[in-house]
Structures are given as C-alpha cells and as structure tokens.
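# Give me the fold of what follows.
(one chain, ligands or ions: 1)
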Amino acid sequence: MAKKILVATIKPFAKKAIKDIEKICKDSGYEFILMEKYPEQNDLVVAVKDVDALIVRSDKVTREVIENADNLKIVVRAGAGYDNLDCEAATEKGIVCMNTPGQNSNAVAELAFGMMIYMARGQFNGKSGTELKGKTIGIHAYGNVGQNVARIAKGFGMKVLAFDPYVDKEKMKAEGVVPVDSVEELYNICDYVSLHLPSIPETQKYVNDKLLSIMKPGATIINTARKEVICEESILKVLTERSDLKYASDVAPEKKDEMLEKLGDRVYFTPKKMGAQTLEANINAGIAAINQIINYFEKDDNTFQVNK
Ligand code: 3PG
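Okay, here's the model as predicted:
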C-alpha cells in the first residue's frame, strides 16, 4: 500500500507550491493528503492517525499529535524554526524530525527591510521620514536569514554589524560584515537591530530591558524571528520611557493591544506572520520538505534531521 503523506497547514502554502508538492509526491508513488486552514488543533490530532509522513509550517505538532500517529515515521517542518515540534515526544517514538533550513530565508530577510522602510517613513503617514542609506544595521544572530539581511543591507548602502557567538568572525568579515564582540555593543551602536535568533530555552526573553535601554537614540528594533525571544514587558517599559525608540514585529505580541494603545505608531505588527509567506518561499520550502521525505524513505537520507 502506498505510503501516506499529509500536508497540514493552518496557514496554507501558495497554490502553485501545493501543485508541485502533490506532483512530486504522486510521481514517486505516494498518497497525497492535504488539510489546510483547519479550525481546531484536534483536527490535526485526528488527521495524523494513519499517515506515514507529515509536512507542517508553524502548526503545533504536540505530544498528543505524535502519540495519536500510529504509522508516523517522519515530520518535516517546511521552514527554519522547529520550536513548534515536540521533538522529545517524536524521539521517544523513533520519529524523525526535520526542518528545511535556508529555503525561506530570503523572504524573511526581505520582509525585515519592508518593515524597516515602513517604520523609517512613519508608517507611510505622508510626513518626512528617513532613509536606510548610511545607517548602521545590527544583525542579531547570523544564520541563513541574518546572512540574507546582510546581503540586502549592503545594497541599501548600510553599514552592517552582526553578533553571533556561534559563527566564525572571519566568515562575517569575508562577507563585508563587521563582527561585534558583545551583544551590548550591537544594541548600543546600531540604528536598526534585526532579530534572527531561534526560539530555544537559552533565548527566551533574551532581548530584555538591559539591551533595549542602551539602544542608540532613535533606533528601531525589527523582529521577524519569534515573539518569545523578546521580553514584552521590557518593550513596553523601555519604549514608554524612551519616546525615540520604535519596534516592528512580524509576530504579534501577547500584549499587542496594550502596546498599540500606549506606544501608538512607534510600534507595528503584521496582522499575520508573513515573513515566509511568498510564492517563492512556499515553493522552495514545500518542495524541499517533500524531497526530504522521499529521500528519507527511499535512501535513508537523514541530512536535515534535527532530533538526532
Ligand atoms: C520559519 O521558521 O521558517 C518561519 O518563521 C516561517 O514560518 P511559517 O511557515 O509559519 O510562515
């Protein structure tokens, strides 16, 4: 019997991406099942019952989902951050978890610039704003997205700094990026700080009032990472104390309404997480996901496994 591959996405891929995923799936002899915009988490719990493989985006693959999946062998998060997968529960059941690193990073990086310009131009309010050219951008975490941000920033004529203790400084220098020795330095001297940290236990509320309060006068912080990496109380406190700072985020904070009320147009939040929501990113990440599943089944290839 053909293996069943379920694509379960509350936030759907572009139609073209789905067409491509379905074709690859069927051409390789697998059964393709699609569940989009499902209203309840329980729908996912039920849908995984007899599938062999699962492709998701930010959908929550919880312990309950894993435990209810009798045949599941592999879950691929079509994207970078896999904080939505309960890898511990998967590992206990011998289920492989993968992500598709780099596939949607240009889309996220481009959105970061969209947000920078939006904030620099007063949310398009018709009044005089500022330009990105000549400004300094600080990239907090120099992974796939951070590297794309650096590439684009240079095109804007920005000075590019980065902080990432896990990346070789020589690599940064070779890419025209100035590595800084401390995270404090990054927050202290940059006009824009762009967050690209993964949401892991070590990064929870990492951007706190200590970092925010030393930001350069007039600086803007851009968050296209995860809401967990920034301390919302600190944003509220420091931006209330300092009316020169701005915050834009692709991940609506829990305290969204309070922030909008107290900070007005110095903050901006996209209505839905949009970083990876492009045709190209959907196609890249979706095709990578289905190919990784097929390669795992056919060739035992676990290159992108994150729960080794
Ligand atoms: C990622 O981690 O890859 C991005 O945050 C994209 O998430 P999405 O697939 O939910 O848009």
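
# near the ligand, which residues of the stretch 1-150 of the chain show up?
Lys11, Arg57, Ser58, Gly79, Ala80, Gly81, Asn104 (Cβ under 6 Å from any ligand atom). The way it works is simple: take the backbone N, C-alpha and C, and place the C-beta from them, glycine included.

# Pull the most distant pair out of the residues you listed.
Lys11 and Ala80 (15.0 Å; Cβ to Cβ).

# So whichever residue of the stretch 201-308 of the chain sits closest to the ligand: helix, strand or coil?
Per Cβ to the nearest ligand atom, Ala276 is where the stretch 201-308 of the chain lies closest to the ligand, at 3.5 Å. Following DSSP: H, G, I helix; E, B strand; the rest coil, the label given to Ala276 is coil.

# Skipping adjacent residues, who's closest to the spatially most central residue of the chain in space?
Per Cα atoms, centre = their mean, the C-alpha nearest to the average position across the chain is that of Ala225, at 4.7 Å. Of all residues not flanking Ala225 in the chain, Leu195 sits nearest, at 4.5 Å (Cβ to Cβ, 6 or more residues apart in numbering).

# Run a quick neighbour tally on that neighbour.
25 (other Cβ atoms under 10 Å).

# If it is in a bridge, with which residues?
Beta-bridge partners recorded for Leu195 (DSSP bridges): His140, Asn223.

# That one contacts Asn223, correct?
Yes: Leu195 is in contact with Asn223 according to Cβ atoms under 8 Å; the separation is 4.7 Å.

# How much space separates the closest residue to Pro12 other than its chain neighbours from Val7?
Sequence neighbours aside, Glu36 is the residue nearest to Pro12 in space, at 4.2 Å (criterion: Cβ to Cβ, 6+ apart). According to Cβ to Cβ, to the nearest Å, Glu36 and Val7 sit 8 Å apart.

# These two - which one has more neighbours?
Neighbour count, other Cβ under 10 Å: between Glu36 and Val7, Val7 has more, with 28 against 12.

# In which helix or strand does that one reside?
strand 4-9 (DSSP states H and E).

# In the sheet, which strands lie alongside that strand, parallel or antiparallel?
Next to strand 4-9 in the sheet, as set by DSSP bridges, lie strand 31-36 (parallel), strand 53-56 (parallel).

# Pick the most deeply packed of those strands.
Ranked by average neighbour count under the criterion mean count of other Cβ atoms under 10 Å, those are headed by strand 53-56 at a mean of 27.

# ok, and what's touching it?
With Cβ atoms under 8 Å, 6 or more residues apart in numbering as the test, strand 53-56 has contacts from 3-9, 21, 30, 48, 61, 69, 72-78, 84-85, 286, 289-290, 293, 297.

# and those, which of them are in strands?
Judged by DSSP state E, strands contain the following of the contacts of strand 53-56: Lys4, Ile5, Leu6, Val7, Ala8, Thr9, Ile74, Val75, Val76, Arg77.

# Of these - the most surrounded one?
Val75 (32 neighbours).

# returning to what we had before: pLDDT value on the residue of the stretch 201-308 of the chain closest to the ligand, please?
Listed pLDDT for Ala276 reads 97.

# Quick one: mean pLDDT over stretch 280-291.
98.

# Whether it contacts the ligand - can you check?
No: Stretch 280-291 lies apart from the ligand when judged by Cβ under 6 Å from any ligand atom; the minimum separation is 7.0 Å.

# could you dump that stretch to CSV, C-alpha only?
Written as CSV, here are the backbone C-alpha positions of stretch 280-291 (Å, rounded to 0.1, in the frame of the first residue of the first chain):
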residue,chain,number,x,y,z
GLU,A,280,9.0,31.5,-3.9
ALA,A,281,9.5,30.6,-0.2
ASN,A,282,6.4,28.3,-0.2
ILE,A,283,7.7,26.5,-3.3
ASN,A,284,11.3,26.3,-2.0
ALA,A,285,10.3,25.0,1.5
GLY,A,286,7.5,22.8,0.3
ILE,A,287,9.5,21.1,-2.4
ALA,A,288,12.5,20.7,0.0
ALA,A,289,10.1,19.1,2.5
ILE,A,290,8.6,16.6,0.1
ASN,A,291,12.0,15.7,-1.3
